[in-house]
Structure formats: structure tokens, C-alpha cells
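Colleague: Attaching a predicted model along with its sequence, questions to come.
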Amino acid sequence: LRIGLEEDSSTRNVARFSRAEEAYRDAGGYSSEGEVRRIAAGLGLTEGRLDLPVGVLSGGERRRVELARILFAGSDLLLLDEPTNHLDVDAKTWLMGFLASYHGALLVVSHDLGLLDRSITRILHLDERDLIEYRGTYSQYREQRKKDEERLTKVAARQQAEIKRLADLANSMRHSTEKRARKAQTLDSRVERLKSEAVTGPKRERKVNFRFPDPPHSGRVSLVVESLRKSYSGPPVFDDIGFDLGRGERLLVLGLNGAGKTSMLRILAGESEPDRGSVRFGHGVTVGYYAQEHEGITPGESVLSHMRSQSNIPDQQLRALLGMFGLTGERSFQDAGTLSGGEKTKLALAQLVAGLHNLLLLDEPTNNLDPPSRDAIARALAGWPGSMVLVSHDTEFVESLEPDRVLMMPDGTLDYWSDDFLDLVSLA
């Protein structure tokens with residue numbers, strides 16, 4: 001239209017351009033770039049990161065880009081599946097404020113209790129095949145659900161007691177006189193009707209327990225890293241990173257998104273090459289790597305095939321391991337690419353168990369896990385005596401593991417762990 005107007009400034013072309021320009025302005029065209037940058041900044045994407053190719057961003061940054069794109073679209077309905085994964089505390093706070101003031105409809109699947117309390121007004125509880133609606137915040141739902149479970153438990157117990165009483169009475173009459181036998185048939189009908197109308201007691205939250213086997217013996221030094229450098233067609237993400245890790249030692253890696261935490265773990269795991277520097281493992285060290293983006297899970301291959309790639313033990317034992325992580329029954333033969341985020345996390349953790357490693361590289365291992373599973377994996381790893389390099393922004397998880405030392409990225413500063421670092425964990 002602009003070119004046409006420059007070539008022919010007729011009244012008709014001027015009117016067409018004016019209408020188009022007005023529609024563009026009303027749609028927010030002139031303010032769109034500023035709005036994009038405002039949303040990106042709120043989610044923790046700095047100006048310098050916005051101009052980089054998406055492929056060089058960290059997993060957390062790619063998730064933020066995806067979330068920013070959805071929020072910028074201005075939809076009347078937002079469908080968000082675990083939107084706070086990979087977000088630090090500032091970005092979470094910003095997102096909660098954004099969603100609290102959002103005027104459209106919002107449907108969220110999340111294990112983030114803070115988000116559910118601040119941004120949600122209605123809860124849909126899925127219990128077996130029933131969908132039950134609760135009004136209010138998540139905390140209010142938990143209180144009401146507890147009362148409902150207590151009520152349902154009492155109702156179910158009374159109904160079962162009445163069914164048993166009538167059934168016993170019918171049985172006592174069944175082989176007596178003809179009149180009492182007819183009475184027994186009537187009672188049988190009442191019993192069947194009560195059974196069809198009976199409520200079932202609430203399904204109790206499953207107790208989750210994971211166990212990591214004792215690690216194979218290794219030398220006193222598990223890992224030595226010297227002068228690591230990594231860049232992506234630009235300035236280095238990190239440079240001159242060096243540290244060592246003793247047998248049984250736990251190292252927590254801290255840093256903001258984009259500081260190179262995942263890039264360094266990928267180098268340690270042999271998934272990526274450094275621009276400079278070296279990585280050496282100690283005698284008898286076997287490495288297990290948990291990737292936050294589940295890169296090791298291949299669509300088209302079954303869950304059981306993924307377990308076979310880690311261990312030669314019989315399938316029955318592999319399926320028992322999967323069962324410990326809640327992947328039971330026919331799920332063993334399911335295409336791993338069709339698993340949910342939480343199920344992929346559990347499969348990746350089950351692979352670590354099957355691999356019998358003594359050095360674990362863990363990149364956000366609690367993402368996508370429900371609270372009981374998150375607590376269970378924390379307990380299991382807290383009691384595991386192997387070596388560990390950990391990246392996590394889950395404060396409670398990190399606190400339960402009690403790291404020995406902290407590596408600050410991207411400058412590579414090493415320090416001994418203290419609870420003073422907990423405030424930095426949620427920012428990582």
C-alpha cells in the first residue's frame with residue numbers, strides 16, 4: 001500500500017492506506033515490539049539474548065521464549081501445561097501477576113502450589129473417571145477435598161455395612177421356609193440395588209518411594225575439569241572453568257539462565273564438545289546423565305527398549321524398576337515419545353537406576369514431577385553415596401541433598417556450601 005501510495009497519491013489510495021494504518025495501530029502494531037520485550041524481560045530474557053538464534057539458547061530460555069510467544073498472542077483462552085518450569089523466582093512472580101490480571105479464560109496443569117493459589121479460581125479434580133469441580137484457590141480446594149474424602153469414607157463404610165447386614169440376613173433365610181425364601185429374594189434385590197448405588201471411598205494418594213542402588217566402587221577422584229571454554233558463534237558463554245570432584249562429593253552448579261549450566265553438563269556427559277579444555281574421569285567411574293529436555297528419550301522406541309539400552313538384566317527386573325517409578329503394566333511397551341513430561345522424567349530416572357552409575361550429572365531432575373514423586377526422588381538421592389553434579393532451582397530439593405560445594409557460573413568461582421546459598425537457588 002505504501003508503494004502504491006508513493007506511485008499514485010490518489011484519494012482512493014490515500015483512503016486505503018489510512019484505513020490500513022488505523023487498523024494496524026488499533027491492533028497494537030506500533031507498540032508490539034515494546035510489548036514483546038516487556039513480556040520477555042518479565043520472564044527473564046534479557047535484551048542481549050533476544051537477538052540470538054533460538055538454537056543456542058538454554059533449555060530454560062527456550063521454554064521462556066515459547067511462553068512469551070503464547071502470552072504475546074493475546075488469546076481469549078490460555079492452555080498452560082506446567083508454565084513455571086524453568087522459571088526463576090522473579091520470572092514466576094511476574095508470571096503470576098500477569099495471569100492474575102489476565103482477562104481471558106485460563107486452564108492450567110501445574111504442580112506449582114504458589115501459582116495455583118495466586119492465579120486460579122476453580123479446580124477440576126479428576127478422580128478415576130469422575131470430574132469434580134471446586135471453587136476457590138488450591139489451598140481452599142485441599143481443605144474442601146479433605147472434608148469430602150472424610151464424608152465419602154463414612155458414607156461408603158455405612159453402605160457396605162448395610163449391604164453386608166442385608167446379605168447375611170438373606171443368607172440366613174434362603175434355606176428355610178418358602179415364605180422366608182421369598183423374603184431372601186427380596187433382600188437380594190435390595191442388596192443389588194444398594195451395590196449399584198453405592199459410593200466408593202476416595203482413592204488415597206499413592207505413597208511413592210524410589211531407591212537408588214549402591215554405586216560401584218571407584219577411585220578417590222571422580223572427575224577433573226580443566227580450563228573449559230564454550231561459545232556459540234559469539235562471545236564465550238563461559239571460559240576457564242576448572243574443578244575436581246571427589247568420590248561421594250556433591251557439587252551444585254548455580255547461575256542465571258544462559259550462564260552455561262546445561263552447556264557444561266552436556267560437555268561433561270560427552271554430548272557436546274568444548275572449544276577448549278579437558279574433562280577426565282577417575283578410575284572405575286561410570287557416568288549417568290539426566291538431561292532436562294529429555295534428549296535421551298527417542299520417539300518411536302518403547303519404554304522397555306530405553307531401559308534395555310542401560311542394562312542387560314532380565315526384562316522382568318527392568319519392568320519392576322519401571323513399576324517403582326509408576327510406569328506399570330502396558331506402559332512398558334508404550335512409545336516413549338507419547339509419555340507426558342512427568343512420565344518422561346520418571347523414565348529417565350529409572351534409566352539412571354538401571355545403569356548402576358557412580359557419578360550422576362543431573363540437570364533439573366525434579367521438573368514435571370508431582371510433589372510426592374519430587375519428595376521421593378529427593379529422599380532417594382539424599383541417601384545415595386555416589387558422586388553428583390547438580391543443576392536445580394528447586395530450593396527444597398537442593399536443601400535435602402546438602403551439597404558439599406558450589407560452582408558459580410559463568411565465572412567458575414568455587415565455594416563451600418552453606419544455607420546462605422539457598423536464596424540464590426531459586427534465582428538460578
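Modeller: Arrived safely.
Colleague: State the pLDDT value of Lys261.
Modeller: Lys261 carries a pLDDT value of 91.
Colleague: What residues does it make contact with?
Modeller: Counting by Cβ atoms under 8 Å, 6 or more residues apart in numbering, Lys261 touches Ser58, Val253, Leu254, Gly255, Asp363, Val391, Met409, Ala428. The way it works is simple: take the backbone N, C-alpha and C, and place the C-beta from them, glycine included.
Colleague: ditto for Glu301
Modeller: Contacts of Glu301 (Cβ under 8 Å, 6+ apart): Asp335, Ala336, Gly337.
Colleague: hmm, 6 Å instead?
Modeller: Residues in contact with Glu301, defined by Cβ atoms under 6 Å, 6 or more residues apart in numbering, are Ala336.
Colleague: try Ile39
Modeller: Ala68, Leu71, Phe72 are the contacts of Ile39 under Cβ under 6 Å, 6+ apart.
Colleague: The last one and Arg229: what is the separation?
Modeller: The reference is to Phe72. Phe72 is 35 Å from Arg229, where distance means Cβ to Cβ, to the nearest Å.
Colleague: if we look at stretch 372-381, which residues are touching it?
Modeller: By Cβ under 6 Å, 6+ apart, the surrounding residues in contact with stretch 372-381 are Val208, Asn209, Phe210, Arg211, Phe212, Thr366, Phe397, Ser400, Leu401.
Colleague: Model confidence at the closest residue to Ser426 other than its chain neighbours, what's the number?
Modeller: In this structure, Ser426 finds its nearest non-sequential neighbour in Val89, 4.1 Å apart by Cβ to Cβ, 6 or more residues apart in numbering. Val89 carries a pLDDT value of 72.
Colleague: What about Val89, how many residues nearby?
Modeller: The tally of other residues near Val89 (other Cβ atoms under 10 Å) stands at 17.
Colleague: Residue for residue, what is the longest helix this protein has?
Modeller: Using DSSP state H, we find that the single longest helix of the chain is helix 138-174.
Colleague: what is the mean pLDDT for that helix?
Modeller: Here the average pLDDT along helix 138-174 is 88.
Colleague: Any buried residues in it, and which?
Modeller: 138, 141-142, 144-145, 149, 159-160, 163, 166-167, 170, 173 (16 or more other Cβ atoms under 10 Å).
Colleague: buried sites along the helix or strand just after that helix?
Modeller: As assigned by DSSP states H and E, the chain's next helix or strand after helix 138-174 is helix 178-197. Buried residues in helix 178-197, counted by 16+ other Cβ under 10 Å: Lys183, Ala184, Leu187, Val191.
Colleague: would you list those residues in CSV and tack on pLDDT and distance to Ser387?
Modeller: Below are those laid out as CSV (pLDDT from 0 to 100; distance: Cβ to Cβ, whole Å):
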residue, pLDDT, distance to Ser387
Lys183, 87, 74
Ala184, 85, 70
Leu187, 87, 68
Val191, 88, 62
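Colleague: From those residues, pick the one nearest Ala100.
Modeller: Val191 (52.1 Å; Cβ to Cβ).
Colleague: Give me the distance between the closest one and Ala161.
Modeller: 12 Å.
Colleague: do Leu45 as well
Modeller: 60 Å.
Colleague: And Leu254, by the same measure?
Modeller: For Leu254, the distance to Ala161 - Cβ to Cβ - is 58 Å.
Colleague: Skipping adjacent residues, who's closest to Leu116 in space?
Modeller: Tyr138 (3.5 Å).
Colleague: Please identify which helix or strand holds Leu304.
Modeller: With DSSP H and E as the test, Leu304 turns up in helix 303-308.
Colleague: Check Glu343 too.
Modeller: helix 341-355.
Colleague: List the buried residues of that helix.
Modeller: Going by neighbour count (16+ other Cβ under 10 Å), the buried part of helix 341-355 is 342-355.
Colleague: And what about Ile123, helix, strand or coil?
Modeller: strand (DSSP: H, G, I helix; E, B strand; the rest coil).
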